[in-house]
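# no letters, just coordinates:
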Ligand SMILES: O=C1O[C@H]([C@@H](O)CO)C(O)=C1O
């Protein structure tokens, strides 16, 4: 009795126990063996996700312990409990069977316990994790927005991160570093997400990257969504398109890790991939349009899509960088408008944050910029009679113009204001920024409507390096090709970009360029043509110098008695960003701190292993620069729009008005960032080097490089600079052989003089000044009385002039006479440098020719010898350029064909030097031009010459 009671007593609590839903041995009536706990059965390749999902489901059922072994089999003495345990174990086994593929199921059917099965599966399938892990990592690396919405892109990336975490998560620890590690991981995710976004988000990306601390990826996603919403709202009429060089290699296909070829039994011996054989291997194919391997341009789906949507074939619309806006418009069929946000960006870039002593007009969007969505058409363009384009100097195999039907119009509407100066203070910083990069394709027509928003100052914009063949009135040189654009007036520039390459644009009125009105022009090859070098990404970088004094104050000083020299600039800017009195850019100290992202240097983010084409242009007012990137060689491949026979440099010397493309490979240790530095050379300058950061992804863009910035070359060592000049030759296969003889030689002695008490620069003792009536109008409309008709001298007193001493040029004069060149003749120019008015001093002058490229035939030191030096000319493979340096006490010989009807300035690109008279003007074939557009008239005697 007592025993029976005991049994009953002992059984009762056990029964109660199994009734308790919190007990792992409890079975709910719904816990049926037929249940399927996960949707994706284990197939051998999805172990990590499967096991995670399974554990989650078992945890909900309170049966996790049966697979991880924590709920042990009870001793045989506890019979009832043992029975219940086996019931539960078998139930879990059934659930496992239901969640694995049949093949795998067959191999574990004889395992007794769920725990054994679980361990067996783990042993077998988690071993493939490293391969899977590799694929997941690869897929994360390749994951870019491309054709996806931001939401879809985020979801995809998030899924991949979760998968990676399932495969390999950071072990939990309680020490303090865990927080830092997680923060680092978060930052990496934010960076990855930002990097994969399409270029339309570049502006937002730039802002987010400068936030400190970096927001979490979720927060970043929400910020980008807001940006997208705003964009959709204000950009309704403009079709969004994936954009820019940053995503040129966007892969719309599945990342390799998730892509499964059909014929898995085939293996290619050529590329090693599964799914095909050598005969059908496409690995060697490369598409000239989208840059992807594996197909050619004729079957490129991206191109077909672009064509079918009617967008310009490169399908780019807006692309903005952290500190400048790249804009590109579709064909003329749709009116192009800037959105309020884009316009605001542009104005912020052109504008500053403090009032300027000069006329400086920052109007609100509505006031200043009428061409928002509501303006349906562009203002009528004053169309002059076109002159046929000339195709000289170009081998017939490579056409200079692509005739397209219809030709694409790129329209830009730009309101002009000038950036303000930062008033020097004890510890201040400054930022200046350039205007939008114009991105076009060879043969495109670019239309830029400039509205002068300045209150009291005129404006004109020159398209530097664009030869304006057939449109000399669009060169934008005030006083030479057009009247100035008056405050409040609008001028429409319309011209064809007839050659691929890297060009610039900038103000060409007084010393206004110095005030910060400039930007880059990037012209790509026509569809189907490829560059003779390869790279993964394309970036434009403009170098500049920056003064605290306004251009106006500088100009007053230069023309005052006593003379007030502009002095050395306060800062050097890389892509619009510089510093003043900060210890180091990017460091959280003083005013250059995290709360002021505007104070950060320009950051160029690179993906380790990738090659970048850096299109570097200089628009300095004064400084010759040496540009270098710590630890990275640069291969020079392009100069002023011409392919260069590649050569490698550690530092690139670049003079105002020049452009170069260099290739750099992100092949250094990816564990840190690197300095890019621009140092003043050729002048004993006190200006600190301009600095930027080459940011190796995924390092934080504002993490300072661990090394000190490069010091750069010695300022007065001419040797390496001359060596670089001599190294620049035309690339084989792209040589434009120069005419072997010339029809006329003009020697131009560059000297500094004192004329009527003013310090001036002169050419052959004649200092240049601009007339009130632009030459082009004066020649065409026979208004020859508006400027001096005595042509400037063709040389100097060669026998008696000592270029090495301070000359007493008392006979120097000023003149606005021009050289008239016989149309289609070949002209040689010898730029002869000399001593300035300071003892033992000769300066570097970058000379820029409008309307042409010239062959650079040679350089030399000392006085040019007309009988021996021409024998040393390079008449085989000289580079063609539009800007070239004459080195201190040296000479440079150029040759060009006077075959572009118009009037063209040729001048020193140092802003103050041209202002002080260092320039000349060439006229050629104006009689061949048709009617000039009315829009360039209105000043001097051109008043009243408007044609109906
Ligand atoms: O044009 C210039 O004037 C000064 C100096 O020669 C006179 O002070 C200078 O360095 C120039 O380049």
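Noted; the coordinates are in hand. Nothing here was measured: the structure is a model prediction, and the numbers come from that model. Residues are numbered from 1 along each chain as shown.

# hmm, the strand or helix carrying residue 542 in reach of the ligand?
According to DSSP states H and E, residue 542 maps onto strand 537-546. No: counting by C-beta under 6 Å from any ligand atom, the ligand is not contacted by strand 537-546; separation bottoms out at 13.1 Å. C-betas here are computed from N, CA, C, even on glycine.

# what mean pLDDT does that strand get?
Regarding strand 537-546, the rounded mean pLDDT is 95.

# list the pairing partners of that strand within its sheet, with orientation.
For strand 537-546, the paired strands and their directions (DSSP bridges) are strand 571-574 (antiparallel), strand 611-618 (parallel).

# just the mean pLDDT for the longest one, thanks.
So that's strand 611-618. Mean predicted confidence for strand 611-618 is 98.

# contacting residues around it?
502-504, 520, 522, 534-544, 604, 606, 625, 627, 634, 637-638, 652, 654-666 (C-beta atoms under 8 Å, 6 or more residues apart in numbering).

# what's the following helix or strand after that strand?
Counting by DSSP H and E, what follows strand 611-618 is strand 624-629.

# neighbouring contacts of that following strand?
Under C-beta under 8 Å, 6+ apart, the answer for strand 624-629 is 543, 572, 616, 618, 634, 650-656, 664, 674-683, 690, 694, 710, 712-713, 721, 844, 846, 885.

# buried ones from these, can you make that a PyMOL selection?
In PyMOL, this line selects whichever of the contacts of strand 624-629 come out buried by 16 or more other C-beta atoms under 10 Å:
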select buried, resi 543+572+616+618+634+651+652+653+654+655+656+664+674+675+676+677+678+679+680+681+682+683+690+694+710+712+713+721+844+846+885
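
# low-confidence ranges in the stretch 451-600 of the chain?
Applying pLDDT under 70 to the stretch 451-600 of the chain flags residues 582-599.

# list the buried residues for the helix or strand where residue 118 lies?
Assessed by DSSP H and E, residue 118 sits inside helix 114-125. By 16+ other C-beta under 10 Å, the buried positions in helix 114-125 come out as 114, 115, 116, 117, 118, 121, 125.

# give me the nearest residue to residue 615, chain neighbours excluded.
residue 502 (4.2 Å; C-beta to C-beta, 6 or more residues apart in numbering).

# in this structure, which residue sits nearest the ligand?
The ligand sits closest to residue 565 of the chain, with a gap of 4.1 Å, by C-beta to the nearest ligand atom.

# show the contacting residues for that residue.
557, 558, 759, 912.

# report all helices and strands that whichever strand or helix holds residue 922 contacts.
Assigned by DSSP H and E, residue 922 belongs to strand 919-924. Secondary-structure packing of strand 919-924 (3 or more C-beta pairs under 8 Å, 6 or more residues apart in numbering; DSSP states H and E): strand 766-768, helix 775-780, strand 819-821, strand 902-908.

# what's the first-to-last distance across stretch 501-512?
25 Å (C-alpha to C-alpha, to the nearest Å).

# return the distance of that stretch from the chain's centre.
18 Å (C-alpha atoms, centre = their mean, to the nearest Å).

# is that stretch in proximity to the ligand?
No: Stretch 501-512 lies out of reach of the ligand by C-beta under 6 Å from any ligand atom, never closer than 12.6 Å.

# number the residues from 801 up from this point.
All set: I'll call the first residue 801, so the last point we hit is now stretch 1301-1312.

# so for that stretch, what gets flagged as buried?
Buried residues in stretch 1301-1312 (16+ other C-beta under 10 Å): 1301, 1302, 1303, 1304, 1305, 1306, 1307, 1308, 1309, 1310, 1311, 1312.

# which ones are touching residue 1521?
1424, 1453, 1481, 1482, 1644, 1685, 1687.

# could you look up the SS state of it?
helix (DSSP: H, G, I helix; E, B strand; the rest coil).

# who in the chain is up against the ligand?
1365, 1552, 1636, 1638, 1643, 1712, 1713.

# if we go to 8 Å?
Counting by C-beta under 8 Å from any ligand atom, the residues of the chain close to the ligand are 1358, 1363, 1365-1366, 1422, 1483, 1552, 1559, 1561, 1636-1638, 1641, 1643, 1710, 1712-1713, 1716.

# tell me what residue 1252 is bridged to.
With DSSP bridges as the rule, residue 1252 is bridged to residue 1216.

# pretty sure it is touching residue 1287, no?
Yes: Residue 1252 is in contact with residue 1287 according to C-beta atoms under 8 Å; the separation is 5.3 Å.

# more neighbours: which of these two?
A direct count of neighbours by other C-beta atoms under 10 Å for residue 1252 and residue 1287 places residue 1252 higher, at 24 against 17.

# find the nearest non-adjacent residue to residue 963, please.
residue 936 (5.2 Å).

# quick one: the strand holding residue 1722 to chain centroid distance?
Centroid separation for strand 1719-1724 versus its chain: 34 Å, with C-alpha atoms, centre = their mean.

# Provide the strand pairings for that strand, with the direction of each partner.
strand 1619-1621 (parallel), strand 1702-1708 (antiparallel).

# hang on, the earlier thing: of the contacts of residue 1365, which belong to helices?
Among the contacts of residue 1365, the ones falling in helices (DSSP state H) are 1357, 1358, 1712.

# can you report how many residues lie near the first one?
So that's residue 1357. Residue 1357 has 16 neighbours, counted by other C-beta under 10 Å.

# three-state assignment of the residue nearest to it when sequence neighbours are not counted?
Leaving aside its chain neighbours, residue 1357 sits nearest to residue 1364 (3.0 Å; criterion: C-beta to C-beta, 6+ apart). Following three-state DSSP, we place residue 1364 in the coil state.

# my read: residue 1364 touches residue 1355, true?
No: counting by C-beta under 8 Å, residue 1364 stays clear of residue 1355, with 10.2 Å between them.
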